[in-house]
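Enquirer: Sequence plus the predicted model coming up.
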Amino acid sequence: MEQARSRHAEGSAETGAVGARTRTTQLPSVPGAEDDRRERGAAPGSVRGEHTHGEPPLPRPRVVEPRRSGERSGAGEGPLYGAAPETEPGRPVVQRSSVRRQVLDALRTALVAGELAPGEVYSAPALGERFGVSATPVREAMQQLALEGAVEVVPNRGFRVVVRDARELAELAEVRALIEVPVMLRLARTVPAERWTGLRPLAEATVRAASCGCRATYAESDRAFHRAVLSLSGNEQLVRIAEELHRRAQWPLVSSPVLPGRADLIADAAEHTALLDALVAQDLTEVRSLVGEHFTVAP
């Protein structure tokens, strides 16, 4: 009996030691990350069973927290407090304020840029580590992307980026044309020329974004231009639906490993200025042609 108790005690101690070693492998946290976990009522370091093994690498943005009143940054502290973050041009920087929205924007940028590969599964804890935040805002952002059709939930693993093909892109282009072409033709007949001239800076902004060659930057400026044009209709529901379709059309295809280059983006942006010229001239035939072609070949 005494020997049995001894073996039982040794087994319990060994189990506890193994558990302790397992806990030390949890993802490292950053300043403020545990605060977000406590807000959501989650235990520190909890990951809800999502696996993080073998995921493709994703560039990690820096986390910037506002400097607290009376606080001074010490030597070697880095850009977490006050100073501008040191990050690559075009990379998203996740700030602690409105962190959930910024994570969603950063994930959308990664989708458009092809950094989140179609068919790959990404866990919230691993993405949270790369963004320097807890898993909670990443999981919430991914759930929003699931509602938008960009990812799908994989139980106990994370989120898989949806695989899209050329047929889906063609269908999106057709739906966008059915919605936007009649609206633009109506606007071409009713909106005065000076209103179209006021949109010239947005068209020029798409040209500048295209010249940089950054697909994500161009995608944002492209949506801004189309949103401004459709906003002249005064129909907020139409603008919202059209932008959702536009955003989905910007996700890369799994069959196109090579993303559109700088020349493709510049050609697409040039159609914006041509469209404005046709709208100012009330050339309905040219408007119909430009909008239909723009949806078909848009990168």
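Expert: Right, received. Where do you want to start?
Enquirer: which one is Y218 nearest to, not counting chain neighbours?
Expert: A209 (4.4 Å; CB to CB, 6 or more residues apart in numbering). All C-beta atoms are positioned from the backbone trio N, CA, C, and that covers glycine.
Enquirer: Buried residues of the helix or strand hosting the one you found, list them for me.
Expert: Per DSSP states H and E: A209 is located in helix 200-212. Neighbour-count burial for helix 200-212, counted by 16 or more other CB atoms under 10 Å, picks out L202, A203, E204, A205, T206, V207, A209, A210.
Enquirer: Let me have those in a markdown table, adding pLDDT and distance to P252 as columns.
Expert: A markdown table is the format used below for the buried residues of helix 200-212 (pLDDT from 0 to 100; distance: CB to CB, whole Å):
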| residue | pLDDT | distance to P252 |
| --- | --- | --- |
| L202 | 96 | 24 |
| A203 | 95 | 24 |
| E204 | 94 | 26 |
| A205 | 95 | 22 |
| T206 | 94 | 19 |
| V207 | 93 | 22 |
| A209 | 92 | 17 |
| A210 | 91 | 17 |
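Enquirer: What residues does L275 make contact with?
Expert: Going by CB atoms under 8 Å, 6 or more residues apart in numbering, L275 touches M184, A203, V287, L290, V291, H294.
Enquirer: what about 7 Å?
Expert: L275 is in contact with V287, L290, V291, counting by CB atoms under 7 Å, 6 or more residues apart in numbering.
Enquirer: so how far is I179 from the last one?
Expert: Yep, that's V291 we're talking about. 11 Å (CB to CB, to the nearest Å).
Enquirer: quick one: which of these two has more around it?
Expert: Set V291 next to I179 and count neighbours by other CB atoms under 10 Å: V291 wins out with 23 against 16.
Enquirer: what's the strand or helix carrying the more buried one packed up against?
Expert: In this assignment (DSSP H and E), V291 forms part of helix 284-297. Judged by 3 or more CB pairs under 7 Å, 6 or more residues apart in numbering; DSSP states H and E, the packing partners of helix 284-297 are helix 166-190, helix 262-280.
Enquirer: Quick one: closest of the ones you listed to Y218.
Expert: With CB to CB, the closest approach to Y218 among those belongs to helix 262-280: 4.9 Å.
Enquirer: picking that back up, got CSV for the buried residues of helix 200-212, with distance to V133 too?
Expert: Formatted as CSV, these follow (distance: CB to CB, whole Å):
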residue, distance to V133
L202, 32
A203, 36
E204, 35
A205, 30
T206, 31
V207, 35
A209, 27
A210, 31
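Enquirer: Thought T285 was touching A278, still the case?
Expert: No: between A278 and T285 there is no contact under CB atoms under 7 Å: 8.5 Å.
Enquirer: Same drill for those two, tell me which one is more crowded.
Expert: The neighbour comparison of A278 against T285 (other CB under 10 Å) goes to A278, with 21 against 9.
Enquirer: How about that one: what's its closest non-neighbour residue?
Expert: Take A278 and drop its neighbours on the chain: the residue closest to it by CB to CB, 6+ apart is E286, 3.9 Å away.
Enquirer: my guess is the one you found contacts D277, does it?
Expert: No: between E286 and D277 there is no contact under CB under 7 Å: 8.2 Å.
Enquirer: Contacts for the helix or strand harbouring Q237, please.
Expert: If you go by DSSP H and E, Q237 is part of helix 236-249. Where contact means CB under 7 Å, 6+ apart, the residues beyond helix 236-249 that reach it are 149, 169, 172-173, 175-176, 179-180, 183, 223, 226-227, 230-231, 298.
Enquirer: Could you rerun that using 10 Å?
Expert: Helix 236-249 has contacts (CB atoms under 10 Å, 6 or more residues apart in numbering) with 108, 111-112, 148-150, 162, 164, 168-169, 171-173, 175-176, 179-180, 183, 219-220, 222-224, 226-233, 235, 295, 298-299.
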